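> Sequence first, then the predicted structure:
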Amino acid sequence: MTTNASNIEDQLVALAKVVEGISQHMLQQDNVIAKLLAKLDKPKPTSHNAPEAQDEAEASTDQRHGKEKMVGPMPFQTSSDSFIHLSQLDEYIKGALKREFEGSSKPKNIYAKPYTSRIDTLKMPLGYQPPKFQQFDGKGKPKQHVAHFMETCNNGGTYGDLLVNQFVRSLKGNGFDWYIKLEVGSIDSWEQLEYEFLNRFYSTKRTVSMTELTNTRQWKDEPTIDYINRWRSLSLNCKNRLSEASGIEMCVQGMQWGLKCILQGIRTRTFEELATRANDLELSIASSGMYGPPVQESSKAKRYERYDAAKKGNNAPIKSFGKEALAIKANDQSTSEDPK
C-alpha cells in the first residue's frame with residue numbers, strides 16, 4: 001500500500017514538472033508572437049529605433065535560455081499560426097514520464113534503502129557519534145533487543161524516526177538478511193519498522209505453568225544450590241507472579257526429605273538466605289558421613305528388632321506394646337515357671 005502511494009506521488013511530481021515546462025514554453029511563445037506583431041505594425045527599424053532591435057535580440061536570447069531550463073528536449077513543431085498540435089504534446093508527456101521512471105528505477109541486484117527519502121534526509125544532532133549497539137542475529141528475545149536499542153539511541157541524543165537509519169547497525173546474520181530484503185522505500189517511521197521487526201521475529205521462550213513449578217523436585221545427587229537456581233529460573237518464566245515468601249515455601253517442598261524437614265522449621269526470608277542455609281546443612285550432613293538424607297525408620301521394623309533382641313535373652317527394655325511384645329512376655333513367664 002505504501003509503495004503504490006509512493007509511485008502515484010512520483011507520477012504526479014513528474015507530470016507537474018512537464019506541465020510547468022509546457023506553460024513556460026507557451027508563455028515565451030506568446031511573448032515572441034506579441035513582439036513580432038508589434039514589429040509589423042511599425043515601420044522598418046532605422047538608426048533611431050535601435051533599442052527595439054536590441055529588445056528583439058534579448059527576447060530571442062531569453063527564449064533559448066528558457067528552452068534549456070525546461071525538463072528534457074522540446075521537439076515541438078508549430079503551425080503557421082504558432083499553435084502546437086495535440087499529438088506532439090501527448091508524445092512529449094509520455095516521453096517525459098518514461099524518462100522519469102527509467103531514471104528512478106534500479107536493477108534488482110543493486111541494494112536500495114528500505115526507508116523513504118524523508119527518513120534519509122533527516123539530520124542527526126550536531127556532534128553525534130554512533131554508539132556501539134548489541135547485535136541481533138535472529139535468535140534470542142526481539143523485544144529485549146528493541147528496548148536496548150532504543151535506550152542506547154536515546155542516551156546518544158536520537159529519538160523517533162532518527163532511529164530508522166541506525167537500526168541496521170544492530171543487526172547481523174538472519175536479522176540483517178531480513179532488513180536488506182525489505183521493500184525499497186516501504187518504511188516511513190520508526191513505529192512501522194519496529195512493528196515489521198517484531199512481526200518477523202518472535203520470542204521462543206517457554207512459559208512455565210504453576211503445576212510444573214509445584215511438581216519440580218530435586219534430582220538424585222543434585223547439589224542443593226543447583227536445585228535452588230534451577231527452580232528460581234523456572235519461577236521467573238512462570239505466567240503467575242509469586243511473592244518471594246511463597247516461592248521459598250514451594251522450593252523447599254521440592255527438596256530431598258532430610259533438608260526439607262529441617263528447613264521447614266526455619267523461617268527464611270530470601271532465596272539468598274535459603275541457599276546459604278541449605279548449603280551449610282548439606283556440608284554438615286556430608287561431613288558426618290551421611291551421604292544421603294536421613295531415612296525415617298518404620299515402626300514395624302523397630303518392633304521386629306526388639307522381638308529378636310528379647311528372644312536372644314537380651315534384657316533391653318521393650319517399649320512397644322503391640323501383639324509381638326505381649327507374645328514375648330507370655331513366653332518368658334511360661335519358661336520361668338517350668339520345673340527342671
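Okay, I see it. Numbering: from 1, shown residues only.

> Can you tell me how far T224 is from G265?
In this view, T224 and G265 are 16 Å apart by CB to CB, to the nearest Å. Where C-beta positions appear, they are placed from N, C-alpha and C, glycine not excepted.

> So which of the two has more stuff around it?
T224 (21 against 6; other CB atoms under 10 Å).

> Leaving out sequence neighbours, find the closest residue to the more buried one.
Excluding the flanking residues, the one nearest T224 by CB to CB, 6 or more residues apart in numbering is A278, at 4.3 Å.

> That neighbour contacts L259, doesn't it?
Yes - at 6.1 Å, A278 counts as touching L259 under the criterion of CB atoms under 8 Å.

> what residues do these two have in common as contacts?
Common neighbours of A278 and L259 are listed as T224 (criterion: CB atoms under 8 Å, 6 or more residues apart in numbering).

> Look at these two and report which has more neighbours.
A278 (25 against 20).

> how about the more buried one, what does it touch?
T224, I225, I228, M255, L259, L263.

> Columns distance to E20, secondary structure and pLDDT on top of those residues, output as TSV?
Below are the contacts of A278 laid out as TSV (distance: CB to CB, whole Å; DSSP: H, G, I helix; E, B strand; the rest coil; pLDDT from 0 to 100):
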residue	distance to E20	secondary structure	pLDDT
T224	82	helix	91
I225	79	helix	92
I228	77	helix	93
M255	84	coil	93
L259	87	helix	87
L263	86	helix	89
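
> Please identify which two of those are farthest apart in space.
Maximum pairwise distance in the contacts of A278, criterion CB to CB, is 13.5 Å, between I225 and L263.

> looking at it, V168 is touching L182, isn't it?
No - proximity of V168 to L182 does not meet the contact threshold set by CB under 8 Å, at 10.1 Å.

> Tell me which helix or strand L36 sits in.
helix 2-41 (DSSP states H and E).

> just checking, what packs against that helix?
Judged by 3 or more CB pairs under 8 Å, 6 or more residues apart in numbering; DSSP states H and E, the packing partners of helix 2-41 are helix 50-69, helix 86-104.

> Lowest average pLDDT across those helices?
Lowest mean pLDDT of the helices and strands packed on helix 2-41: helix 50-69, a mean of 51.

> what about the host helix or strand of the residue nearest to T224, average pLDDT?
Assignment of secondary structure by DSSP H and E places A278 within helix 271-287. For helix 271-287, mean pLDDT is 89.

> Pull out the buried positions in it.
Within helix 271-287, the residues scored as buried using 16 or more other CB atoms under 10 Å are F271, L274, A275, R277, A278, L281, E282, I285.

> same check, this time on stretch 206-223
V208, L213, T216, Q218.

> Same question for stretch 29-38.
Within stretch 29-38, the residues that count as buried by 16+ other CB under 10 Å are Q29, V32.

> do the same with stretch 167-179
F167, V168, S170, L171, G175, F176, W178, Y179.

> Point out where the stretch 151-300 of the chain drops to low pLDDT.
289-300 (pLDDT under 70).

> 90 instead, please
202-209, 220-221, 233-234, 236-243, 256-268, 281-300 (pLDDT under 90).

> now the strands for it?
With DSSP state E, counting those that start in this stretch, there are no strands along the stretch 151-300 of the chain.

> where along it do the helices fall?
With helices called from DSSP state H, counting those that start in this stretch, the stretch 151-300 of the chain shows them at 174-180, 190-200, 210-214, 224-236, 244-253, 257-263, 271-287, 299-311.

> rewinding a little: in terms of distance to N199, which of the contacts of A278 ranks first?
I228 (38.2 Å).

> Do I have it right that that closest one meets E272?
No - using CB under 8 Å, I228 is not in contact with E272; the gap is 9.7 Å.

> okay, now F197: neighbour count?
So F197, with other CB under 10 Å, has 21 neighbours.

> ok now do it, which residues does it touch?
P142, V146, F167, W178.

> buried residues in the host helix or strand of Q144?
Taking DSSP H and E as the definition, one finds Q144 inside helix 142-155. By neighbour count on 16+ other CB under 10 Å, the buried set for helix 142-155 is P142, H145, V146, F149, M150, T152, C153.

> Can you give me the distance of the last one to R118?
Relative to R118, C153 is positioned 18 Å away (criterion: CB to CB).
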